[in-house]
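J.: Pasted the sequence and its predicted model underneath.
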Amino acid sequence: MSKSWKDLTTKEVEKKLSSDSSLQLIDVRNPDEYEDGHIPGSKLIPLPELPARIHEIDQNREVIFICRSGNRSGKACEYLNQLGYSNLNNMVGGMLAWIGKQERN
């Protein structure tokens with residue numbers, strides 16, 4: 001199966017966030033990583049929980065997956081792509097490359 005999601009840089013994600021309030025941001029890191037700092041408005045669904053929580057992702061809206069470096073978020077895109085989801089994006093470089101606003105819990 002071919003790759004049908006987009007790899008977005010952190011700058012491209014910031015630009016999308018400033019112009020599209022309907023984006024879904026899904027952070028697939030572990031809870032402790034998320035608590036250390038996450039993009040405001042992002043929802044935590046750790047990658048191992050994704051199959052059980054797939055119903056929390058709206059198939060009709062664009063989604064950007066986020067992790068530490070872009071690896072786990074790429075796996076999330078691959079998984080949802082196999083299930084027929086579209087409008088998938090992987091934030092390459094992950095939170096290591098993110099220089100925008102962050103929230104901490």
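T.: Done, it's in. This one's a predicted model, so the numbers in the text were calculated from it and none came from an experiment.
J.: The chain: strands as residue ranges?
T.: For the chain, the strands defined by DSSP state E cover 6-8, 24-27, 43-44, 63-66, 88-91.
J.: Go through those strands and pick out the most buried.
T.: strand 63-66 (a mean of 26; mean count of other C-beta atoms under 10 Å). Using the backbone N, CA and C atoms, a C-beta is placed for each residue, glycine as well.
J.: So what touches it?
T.: The contact list for strand 63-66 (C-beta atoms under 8 Å, 6 or more residues apart in numbering) reads 8, 13, 16, 23-29, 38-39, 42, 57, 72-74, 76-77, 80, 85, 87-91, 94-95.
J.: what pairs with that strand, and is each one parallel or antiparallel?
T.: With DSSP bridges as the test, strand 63-66 is paired with strand 24-27 (parallel), strand 88-91 (parallel).
J.: ok, and the closest non-adjacent residue to the residue most central in space within the chain?
T.: Nearest to the geometric centre of the chain sits Phe65, at 1.3 Å (C-alpha atoms, centre = their mean). Of all residues not flanking Phe65 in the chain, Ser73 sits nearest, at 3.7 Å (C-beta to C-beta, 6 or more residues apart in numbering).
J.: Pull the contacting residues for the closest residue to Leu44 other than its chain neighbours.
T.: Setting aside the residues directly before and after it, Leu44 is nearest to Tyr34 in space (C-beta to C-beta, 6+ apart), at 4.7 Å. Tyr34 makes contact with 27, 42, 44, 105 under the criterion C-beta under 8 Å, 6+ apart.
J.: if we can go back for a sec, report pLDDT for the residue nearest to the centre of the chain.
T.: For Phe65, the model assigns a pLDDT of 98.
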